[in-house]
Each structure stands twice: as C-alpha cells, then as structure tokens.
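Asks: generate a structure from the sequence data that follows.
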Amino acid sequence: MKVLVTGGGGFLGGVIVRMLRERGDEVRSFSRGKYPALAELGVEQVSGALENSDAVIKAASGCDLVFHVAAKAGIWGSYNDFYQANVTGTRNVIAACKSNHISKLVYTSSPSVVFDGSDVEGGDESLPYPAKYEAHYPATKAIAEQMVLAANSPDLAVTALRPHLIWGPGDNHLVPRIIAKGRAGKLRRIGNRTNLVDTVYVDNAARAHLLAADKLFPGSIVSGKSYFISNGQPIPLWEMVNLILAAAGVPPVTRSISPNLAYTIGCICEGIWGALRLDGEPPMTRFVAHELSTAHWFDISAARKDFGYLPEVSIDEGLIRLQRSLHNLH
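Replies: Alright, predicted model coming up:
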C-alpha cells in the first residue's frame, strides 16, 4: 500500500513509519521538517504545515491509507496554536482524504480527551467527554477526535486510537522531561497515594495503529470507534517515574507536596505566566496537578477483541531498551 503518515518524523510517527517500511509498504511522511532517519528508510518526505489545506491535499495524493499522528502536544501555550494544529489540521486531513478518495484514516487521539481531573480506574470507551478541560491540548484533541469519528461514512472509514503516556527510546517529550526535572531536583510526589496509571511502550502503540488499519474498511467493526491503547500493566505512577529515572541513573523522587498545594501553585503559575506572557512552561499547572495525583488506567479489551491488539513489549523489557538507548546517547 501507499501510506501517508503525518508527523512521520516524530516519536510515535517514526516508529509507525519504520514498521510500515519493514512490511513493505510505500510511505510518504508529511512533517514541518526533513529527517535523515526517514531518508535512510527510503521514505518520501513532504514538508508543510497541517494548517495549509492545499499542502495536505497534495501530500495525500495517490495514497490508500492515512495515519494522522501529527499534533501540537504540551501543557502550555496559546489556544489558537493548539487549535490550528489539532483542529484545523485534522479538518484538513479529513478533507484531503475525501478529495483524494482515500477510504481509510487512522487518527491518533489521547485518553486526556475524557480526563476530568478525577480518578479513572479501568475506564472503557463509554466514558463521556467532560464539560470542561483544564488544558488546551485535551480540549482541542477532543474536538478533533469527535470530528474524525463524525466523518466516518460508506466512503471513508475512520478509527481513533488513544495511546496512554507513550514512552521508549527516542521519546522527545515525556522521558526527557522527567529526567531533566529529576536531575535538577525539581520533582515532587504529589500526594501519598499509590494512584495506578498505565502507560504504553512506543512499539506497542505503533503496532496497534497497524493492526487497527488492517481491520479498517467502510462498515468494519473498528470504523467510527475510538480505542484506548496501553501496556495493560497499571502500576503506581511514582513507581513508574522512578523506574524511568533509574534507567537514566537518576535518584528516585522522595519529597512530596499535597495535591491541594500543587493545584493552588498551578493556579498561581498559570495566572502569572498568562498575565506576564512569560516564555516557556510554568513549573506547575492545574492539569498537571490533577494528572499526577489521580489514578488513570484503562480497559483495553475492546482493542484486543476488535483488532487483536496485544502488547508485545512489557514494561520491564521496555525499560531495558530505554536504559540501553540513554547510555548510547552519552
């Protein structure tokens, strides 16, 4: 098949591209920049912005399947930036599928689209979208996911995957942030609960995308649905943080602050950063305070049943691979 991957130069997108190439698919990547690693894989690279509808239509030309992985992630920034990348960009991808008569679209969503700040323990796809969000990323991803699912039709089959806290070698978001804050002594446990979370090793998340795509066609069991994707191994959040720190040779987090204090600090920081338009991210936000002090793990039986998803790389094996990659960097 000829496949378009938006964000093919990114963390998850790069692994999806690699797996597609390994099985012999022809791949085109649409990203803002050019990536030597993709060139080595024999991937055609098209540079452009998701907000440019003509560029997206052109990039999708001649393709049979689209993986829309690219997004603006993060906990801070202007609403317009998140909206343009995540909502306008997704609208353009859907339009590009329709104008190029592409019948299959796999969208990378996020479990944060259903996060309301409270515990989620074993939640499944029946969880509702909350009435309000504490960050622009989940707010705009929720709009985009609903738009994608609404586009499901006899001509265009769509599915939305919600991988939870993706990590592994090559991570440019979660792992480096934890390690940098750990090294600087800026990490604090929030609360003293053993709140369980599940995560997903990047290869498992990528393989889920290929499995879903292989089962996807108009009228199929996966079309028009969203799916949670994780390793299916919920463990205490701070234990997972300490395992990642240990892989980098950084001491564990021992100091803690109360959830209420973290939330208050988040409110104050957001107010200061917003009023003074400070560069960078605040050290704490309301969203992060809630995310780090609550349980969030999901039932992945729907993905297992509908397209045979089974996490092949365990957390233990993933940590060995992560440690190896981190030591190779130095």
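Asks: so for stretch 84-92, what's the average pLDDT?
Replies: Taken as a whole, stretch 84-92 has an average pLDDT of 98.
Asks: check contacts around residue 82.
Replies: With contact taken as CB atoms under 8 Å, 6 or more residues apart in numbering, residue 82 is in contact with 72, 136, 137, 139, 140. The way it works is simple: take the backbone N, C-alpha and C, and place the C-beta from them, glycine included.
Asks: can you confirm the fourth one is in a strand?
Replies: It stands for residue 139. No - counting by DSSP: H, G, I helix; E, B strand; the rest coil, one finds residue 139 to be helix, located in no strand.
Asks: quick check: the gap between it and residue 287.
Replies: With distances defined as CB to CB, to the nearest Å, the gap from residue 139 to residue 287 amounts to 10 Å.
Asks: return every residue with contacts to both of the two.
Replies: Residues touching both residue 139 and residue 287 by CB under 8 Å, 6+ apart: residue 133.
Asks: circling back to that earlier point, farthest pair within the contacts of residue 82?
Replies: Greatest spatial distance among those (CB to CB): 72 and 139, at 11.9 Å.
Asks: so between the two, which is more surrounded?
Replies: For residue 72 and residue 139, the more surrounded residue by other CB atoms under 10 Å is residue 139, and the numbers stand at 21 against 17.
Asks: helices along this structure, start to end?
Replies: All helices of the chain, identified by DSSP state H, fall at 11-22, 36-40, 53-60, 79-83, 89-99, 136-150, 174-183, 202-215, 237-247, 259-276, 286-293, 301-307, 315-329.
Asks: what's the least confident stretch among these?
Replies: If the helices of the chain are sorted by mean pLDDT, helix 286-293 sits at the bottom with a mean of 85.
Asks: so which elements touch that one?
Replies: The contact analysis (3 or more CB pairs under 8 Å, 6 or more residues apart in numbering; DSSP states H and E) places helix 286-293 against strand 189-190, helix 259-276.
Asks: who's in contact with stretch 239-253?
Replies: Here stretch 239-253 makes contact (CB under 8 Å, 6+ apart) with 167, 175, 178-179, 182-183, 187-189, 194, 197, 199, 238, 315, 319, 322-323, 326.
Asks: what comes up buried for stretch 86-105?
Replies: Within stretch 86-105, the residues scored as buried using 16 or more other CB atoms under 10 Å are 86-94, 96-98, 100, 102-105.
Asks: next one: stretch 255-265
Replies: Residues of stretch 255-265 classed as buried: 257, 259, 262, 263, 265 (neighbour count, 16+ other CB under 10 Å).
Asks: export those to CSV and tack on distance to residue 212?
Replies: Below are the buried residues of stretch 255-265 laid out as CSV (distance: CB to CB, whole Å):
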residue, distance to residue 212
257, 40
259, 36
262, 36
263, 36
265, 39
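Asks: which of those residues sits closest to residue 221?
Replies: Residue 221 has its nearest neighbour among those in residue 259, at 40.1 Å by CB to CB.
Asks: for residue 117, give its distance to residue 239.
Replies: 22 Å.
Asks: out of those two, which sits in the busier spot?
Replies: residue 117 (16 against 12).
Asks: correct me, but that one touches residue 134?
Replies: Yes - in this structure, residue 117 sits in contact with residue 134. The criterion is CB atoms under 8 Å, and the distance is 6.4 Å.
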